[in-house]
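Undergrad: Turn this into a structure:
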Amino acid sequence: MKKFFYIVLLLLFSCSPNRESLPAPEKVKIYPVPDPLSEVDLGSGAVPEVDGIKIVWGKVQNANGYKIYRGEMKTDKVEFQFYYDVSAKAGIADTFFIDRAVEFRKRYFYFVRAYNRDNVEGAPSDTISFELYLKPRLISPGNNSQVRADTLIFRWDDPNGGGDFVIRVKNSQTDSLIWIYSYRSFGEFSVNFNVDSKARENLVSGGQYKWRVDRVQFGQNAGSKSNWGVFYVK
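TA: This next block holds a predicted model:
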């Protein structure tokens, strides 16, 4: 008798209808490379922490993950290949990827597609491209050094040989932008703080601040970002 019921159960499960197929996920919104002088400083492109290209996109409801496709210029066209799978997990950052397997001064192209539990992919996102440069090297003020606000000079070196730069100064505690300045040079890489008198506030004695230098190519989605350097005002 037990064997009979076991066979009946097997038949019932084997004859049950397949689960309903899900529709393809929505198109992924990929965040473009921000303008070098953007105060928000969010989006795809270079990152201060490592040598790599960051791809950022918006979350898609009911997506099981995101597939990144990377392209390179071959003769006269861009050829794309599947490159990386980012699984969607609760509580885990799943809307960005940093590609560290890149060559300097070579342009790469990216688009992202969300996929559902059946591995059905949605429409491809818009395509972005970026060309990574070597990072500027911060010289002074040295990290965690103490400086006088009235004699503060930012100095750095550029292994790329010079060009256009953007200097940023922020309050380390609040992350608020205090000063942003565009500078072009092929030889001397130094700028006095607030040389244009456009700083949003004065540097306060005892305050902790951070600075960064970006090597930029205006209008070309190319460049790099130095690491952040921290300094204190006497």
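Undergrad: What's opposite Val86 in the beta bridge?
TA: Beta bridges link Val86 to Tyr66 when assigned by DSSP bridges.
Undergrad: Against Arg113, how distant is it?
TA: Distance, Val86 to Arg113, by CB to CB, to the nearest Å: 11 Å. Where you see a C-beta, it was placed from the backbone N, CA and C, and this is true even at glycine.
Undergrad: how's the protein carved up into domains?
TA: As given by automatic domain parsing, the domain ranges for the chain are 19-132, 137-233.
Undergrad: and the ones you listed as CSV, adding mean neighbour count and mean pLDDT?
TA: Shown next, in CSV, are the domains of the chain (neighbours: other CB atoms under 10 Å; pLDDT from 0 to 100):
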stretch, mean neighbour count, mean pLDDT
domain 19-132, 16, 94
domain 137-233, 16, 97
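Undergrad: Identify the contacts common to Val86 and Arg113.
TA: Tyr66, Lys67 (CB atoms under 8 Å, 6 or more residues apart in numbering).
Undergrad: I'd guessed Val213 sits against Asp157; true?
TA: No. Val213 is beyond contact range of Asp157, at 9.7 Å (criterion: CB atoms under 8 Å).
Undergrad: Tell me which residue is most central in this protein.
TA: By CA atoms, centre = their mean, the chain has its centre lying nearest to Lys54, at 3.3 Å.
Undergrad: Following the helix or strand hosting Asp164 in sequence, what is the next regular element?
TA: Assigned by DSSP states H and E, Asp164 belongs to strand 163-171. Counting by DSSP H and E, the element after strand 163-171 in chain order, helix or strand, is strand 177-185.
Undergrad: Paired strands for that next one, with orientation please.
TA: Partners of strand 177-185 in its sheet, by DSSP bridges: strand 163-171 (antiparallel).
Undergrad: Give me the contacts around the partner strand.
TA: Residues contacting strand 163-171 (CB under 8 Å, 6+ apart): 36-37, 41, 136, 154, 156, 158, 176-186, 189, 191, 193, 199, 207-218.
Undergrad: Now with 6 Å, please.
TA: Residues from elsewhere that reach strand 163-171 (CB atoms under 6 Å, 6 or more residues apart in numbering): 36, 154, 177-184, 191, 210-214, 216.
Undergrad: Need the three-state assignment for Asp150.
TA: Look at Asp150: counting by DSSP: H, G, I helix; E, B strand; the rest coil, its state is helix.
Undergrad: how close does it get to Lys234?
TA: The gap separating Asp150 from Lys234 is 10 Å, by CB to CB.
Undergrad: ditto for Asp35
TA: Counting by CB to CB, the gap from Asp35 to Lys234 is 35 Å.
Undergrad: same deal with Asp196?
TA: Applying CB to CB, the value for Asp196 to Lys234 is 23 Å.
Undergrad: which residues does Gly65 contact?
TA: Asp85, Val86, Ser87, Ala88, Tyr115.
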